[in-house]
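Chemist: Any chance you could fold what I've pasted below:
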Amino acid sequence: MVPLAKGVHGTLTKACKFVQAKRESDEKIQRLTSTMAHMLESLDAVKEIEKIQKLKTIVELAMSTLDSAARFIVYYTRFGFWKRTLLVEEEKEIRELKQTFEFLANQ
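Modeler: As a prediction, the model looks like this:
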């Protein structure tokens with residue numbers, strides 16, 4: 001009976017070690033999934049940074065366009081009515097500025 005008990009004890013000991021090893025593997029998988037979730041949260045932060053960069057670019061373009069429009073208006077108003085009727089290129093500039101402002105408004 002003692003050899004049988006030793007054999008059963010040995011088998012149960014091996015089974016217990018196997019189960020413990022699998023439990024440790026399961027815990028490692030759990031830590032891995034936790035790390036993955038944390039990494040995904042970090043990606044959301046990167047998306048926010050990209051949004052902030054896009055917003056910064058839009059604001060810079062808006063300020064530049066506002067400056068160009070203000071300079072154009074000052075230039076345009078220096079001419080009298082009859083001289084302004086002869087200006088052809090100004091229509092193009094007005095159209096481009098308007099399109100830029102419309103683009104910015106839709107961002």
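Chemist: Do you have the strands of this protein handy? List them.
Modeler: With DSSP state E as the criterion, the chain has no strands.
Chemist: elements contacting the one helix or strand in it whose mean pLDDT sits lowest?
Modeler: Lowest on mean pLDDT, DSSP states H and E among the helices and strands of the chain sits helix 81-86, with a mean of 70. Helix 81-86 is packed against no helix or strand, with contacts defined by 3 or more Cβ pairs under 8 Å, 6 or more residues apart in numbering; DSSP states H and E. Every residue, glycine included, has its C-beta placed from N, CA and C.
Chemist: Show me where this structure dips below the pLDDT cut-off.
Modeler: In the predicted model, the chain carries pLDDT under 70 at residues 1, 85, 87-88.
Chemist: Quick test: name the residue nearest the centre of it.
Modeler: Geometric centre of the chain, nearest residue: Lys47, 1.6 Å, by Cα atoms, centre = their mean.
Chemist: how close does it get to Tyr76?
Modeler: Distance check for Lys47 against Tyr76: by Cβ to Cβ, to the nearest Å, it reads 42 Å.
Chemist: hmm, back to that, dump the least confident helix or strand of the chain to CSV, restricted to CA.
Modeler: Presented in CSV, the C-alpha positions along helix 81-86 are these (Å, rounded to 0.1, in the frame of the first residue of the first chain):
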residue,chain,number,x,y,z
PHE,A,81,-14.8,103.7,-56.3
TRP,A,82,-13.8,104.2,-60.0
LYS,A,83,-10.4,102.7,-59.6
ARG,A,84,-11.8,99.7,-57.7
THR,A,85,-14.1,99.0,-60.7
LEU,A,86,-10.9,98.5,-62.8
